[in-house]
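Chemist: the following block contains a protein sequence and its predicted model.
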Amino acid sequence: MVLVQGSQKIVQEKCKAVSKRGSGTLLQQKTHADFFNFRWENIYQQLQMMCPALLSIITATVSDIPPVVGSKQFLHALQTVGIALHGRSQEMAVMQYINGFLLYHGGCTQRDIERLSHVGLTVHPLTIKRKLLDWQDVLDKEILKIRDSWAEGGSVKYQIIGDNWDKNILPSYRTSDRKTISLHLFHVYAIVDRVIPTERGCHASAPHDIEVGTFIPSIDDQKNLMKELTFIFSTSVIENHPELQKIYGKIYPKHLEHKYSHCVGNKTKQYPLGLFDCNENKTPELIRLLKTLSVYVPCKDGEVVESVFFGGDRLTDERVQAAQKAMANAETPLQKLQGFVSKIEDFHRLMNFLEAIHKLTYSTKSAVDQGTVYYYRNLLNMRNVKGQVYNAYRAYKMLYYVILDAICLLLFLNFFDVPDIEHAIELPRNFAAMSDEEKIEYIDSVSENILRKYFFDSTDDIFQNLRNIVSDPQHPENYWTSTLEEGRFKCHHCDKTYARVLSLQTHEEKVHDIHIAKPSKKPKNKTQDQMHDYLVMLFKLVILHKNLDTAVDMGDGERAVKSAKYELPVYHLTNKVKYSIGSIHLISLTSGILPDDQKERLVANRFVNLQGGKNNNVSLDEYLEMLNRDSKIACSGHKTKESILAHSKEYPHLINLVSHFDVITEIHSRKGFHHIPSYKEDVLKVLKDLQNTNMLSIVPNRKFKSQDISVDKNPFDNAFVGLSTMIHRHKPSQPFIRLRDPRV
């Protein structure tokens, strides 16, 4: 009994000392930075120094042996100590705050949090609210500092990314006046530029200097594309061929070096700015939002120092330009909303590019046509590939990439005249003596030869026909736009000029009896091998999509932007007008509309990197989709528009705190219980089927039963109809108000 009383006295003295206000214990430090620097190990080490007796008693209660750091027993012991010390002093409340934040994030009711606060597990819900309210100014504190530095000539800058935030709130009890509430808000975050431009103060070229041919890939562009596709092709073959995996698995680079490779592995700094009451489909509301966000535009003496990039999907891009047009008569650039330059981001480009490919190559009526995408969807039993592409983007992408890798492997085996992957590939006699660099050059040379034949059709310029038509003023396709001079269209047969092309067309038809016939479709080749041409077309389109996808992963902004030139003909061919316009705008912004320093910022700073590593980048709008998902979880406890907006500045803190808690507690996301199919097995299954269909041999008159899919070996040749007019109509003259030219 004496021993117990002595131990009790020691524990009381130590607990009294550690709980005293100003003792310096971590359990009393409750600032914003303290919570994000919280570590279980630090608490444990401090308790060992300041209160070893209490810690020993609690750990002995939890476990017979000292618990391992990070184990359940370890965390239980620290929680027990935290609750015990909180009972002695209300200042020792760090763990109670953390528990309260977790409950608040999960949508726990205030009444239940209050009940738990009475037993010491958490703090009172009003205390949590006050703490989150105090932190609201922390959201944009760093951004405002950077803005002030930017206004004074600082080199560190940032962008703003926004997207619609839609949520349906179901009533707990449905009546005639209690219906589903459909919310349309706007979610915004700011990201600090990772790359600082090397060139500054260079002026943009005049708008008319951008020729129509600029929007079509040049020969130099295609030379760079060959290097990029060679890397993708070689990587695909190495990953799916066992023998090559053994040889090249450790020596072939995982990252394609580019101009910004030195910094794309660095983590980015992004700051969520919360939700705003704005439906982007309504121009007045978007104008009000842009005026609110104008606080983040760097200004000096009332003048805009430099415009801030405002990124989003194509809808956001278009709505910002419409808002700028509506405010074009204002007095100052800031009031005209010219403090923002809108731009489209890459995740929505990827999704829409795959939608365009899907429109050309996918039909549920082609289930019996061997070699089609839908046939392989059924063969591989990919039942999650269904509905619209934007609702199952990753499932569709996986299906297309499986087929692409199978085609790459088939072309590679055919090059070496090898029947299957089980047979050895005949390598050069001195291959074993080659250096790693020589081995890489060898497989890249093989991949380049294959791509030259099957992607570039044994030429140097697969876009030659398209470029010749678009750039030729004498071609009938360009007849009406070829006489544009000083903003007016001149008649081909007299001196009259007109402000609009339709007026010119009416004049020549009535006065000069000129009628330009629409281009006729190419006659169908009755002996065409539709399966061969279809699979070659599929190979070209999907490898272009993968080129953009890997460019995003590797943070290669130049490759991502140049991809717009390859997307434009495909969008135009599939009548995806919005993203055809988006591609024209993106090409224009990087071809003379913007000054050189802004152009470099636009190209280089298109990605978010949350975990570090050169291949771990995601596009800016994809990160915003993640924030949307997380914020919809965090707002589950609020059921009205007013309450969601009132607490919208709290959600970023709750999301970040929960993410930090998962990291320090080593809680990993659940992988689910469903069967994850083997990607390589699927590739080999498709490869075997392609070999059985004799895909590489041209078999005359091999037809598909389905007529809903395209079978053009070179899909770019047929994209010329109306393309030059589309480019003339939507080619912008300035970074702002990039709306169509009403004259064309």
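Modeler: Thanks, I have the structure now.

Chemist: when you work out contacts or count neighbours from here on, use the C-alpha atoms and nothing else.
Modeler: Noted.

Chemist: is it correct that residue 528 is in contact with residue 712?
Modeler: No. Assessed by C-alpha atoms under 8 Å, residue 528 is found out of contact with residue 712, at 9.9 Å.

Chemist: next structured bit after the lowest-mean-pLDDT helix or strand in the chain?
Modeler: In the chain, no helix or strand scores lower on mean pLDDT, DSSP states H and E than helix 2-19, which sits at a mean of 74. Next along the chain after helix 2-19, taking DSSP states H and E as the criterion, comes helix 32-36.

Chemist: list the contacts of that next one.
Modeler: Residues outside helix 32-36 that contact it (C-alpha atoms under 8 Å, 6 or more residues apart in numbering): 94, 135, 657, 660.

Chemist: one more time with 7 Å, if that's ok
Modeler: Under the contact criterion C-alpha atoms under 7 Å, 6 or more residues apart in numbering, helix 32-36 has outside partners residue 660.

Chemist: can you check stretch 690-706 too?
Modeler: By C-alpha under 7 Å, 6+ apart, the list of residues contacting stretch 690-706 reads 365, 366, 369, 371, 526, 527, 528, 529, 530, 531, 532.

Chemist: run the last query once more with 10 Å
Modeler: In this structure, residues lying in contact with stretch 690-706 by C-alpha atoms under 10 Å, 6 or more residues apart in numbering are 363-372, 403, 406-407, 410-411, 414, 419-420, 525-536, 684, 686-687, 689, 711.

Chemist: any buried residues in that stretch, and which?
Modeler: Across stretch 690-706, burial judged by 16 or more other C-alpha atoms under 10 Å covers 690, 691, 695, 696, 703, 704.

Chemist: wait, residue 384 sits on residue 392?
Modeler: Yes. Assessed by C-alpha atoms under 10 Å, residue 384 is found in contact with residue 392 at 7.4 Å.

Chemist: compare those two (neighbour count), which wins?
Modeler: Applying other C-alpha atoms under 10 Å to residue 384 and residue 392 shows that residue 392 carries more neighbours, namely 14 against 11.

Chemist: now the closest residue in space to that one that isn't next to it in sequence: how far from residue 395?
Modeler: With sequence-adjacent residues excluded and distances taken as C-alpha to C-alpha, 6 or more residues apart in numbering, residue 392 is closest to residue 385, at 6.6 Å. Separation of residue 385 from residue 395 (C-alpha to C-alpha, to the nearest Å): 5 Å.

Chemist: now do the same for residue 671: its pLDDT.
Modeler: pLDDT recorded at residue 671 is 53.

Chemist: hmm, back to that, would you list the buried residues of stretch 690-706 in TSV and tack on pLDDT and secondary structure?
Modeler: Below are the buried residues of stretch 690-706 laid out as TSV (pLDDT from 0 to 100; DSSP: H, G, I helix; E, B strand; the rest coil):
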residue	pLDDT	secondary structure
690	93	helix
691	91	helix
695	83	coil
696	84	coil
703	89	coil
704	89	coil
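
Chemist: okay, the residues you listed in TSV with distance to residue 221 next?
Modeler: Shown next, in TSV, are the buried residues of stretch 690-706 (distance: C-alpha to C-alpha, whole Å):
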residue	distance to residue 221
690	31
691	33
695	30
696	28
703	35
704	34
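
Chemist: quick one: which of the residues you listed is nearest residue 16?
Modeler: residue 690 (76.7 Å; C-alpha to C-alpha).

Chemist: the closest one and residue 302: what is the separation?
Modeler: For residue 690 relative to residue 302 (C-alpha to C-alpha), the value is 66 Å.

Chemist: check residue 57 too.
Modeler: 65 Å.

Chemist: do the same with residue 34
Modeler: Residue 34 is 38 Å from residue 302, by C-alpha to C-alpha.

Chemist: over to residue 659?
Modeler: For residue 659, the distance to residue 302 - C-alpha to C-alpha - is 40 Å.

Chemist: put the alpha carbons of stretch 178-193 into CSV.
Modeler: Extracted C-alpha coordinates of stretch 178-193, given in CSV (Å, rounded to 0.1, in the frame of the first residue of the first chain):
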residue,chain,number,x,y,z
ARG,A,178,-39.6,19.3,-49.6
LYS,A,179,-37.9,18.2,-52.8
THR,A,180,-34.4,17.3,-53.9
ILE,A,181,-32.2,20.3,-53.7
SER,A,182,-29.8,20.7,-56.6
LEU,A,183,-26.8,22.8,-55.7
HIS,A,184,-24.5,24.5,-58.2
LEU,A,185,-21.5,26.1,-56.5
PHE,A,186,-18.0,26.9,-57.7
HIS,A,187,-14.8,25.4,-56.2
VAL,A,188,-11.5,27.3,-56.4
TYR,A,189,-7.9,26.7,-55.4
ALA,A,190,-4.6,28.5,-56.1
ILE,A,191,-1.4,26.8,-57.0
VAL,A,192,2.1,28.4,-56.9
ASP,A,193,4.1,28.1,-60.1
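
Chemist: which positions in that stretch come out as buried?
Modeler: Those would be 183, 184, 185, 186, 187, 188, 189, 190, 191, 192, 193, for stretch 178-193 by 16+ other C-alpha under 10 Å.
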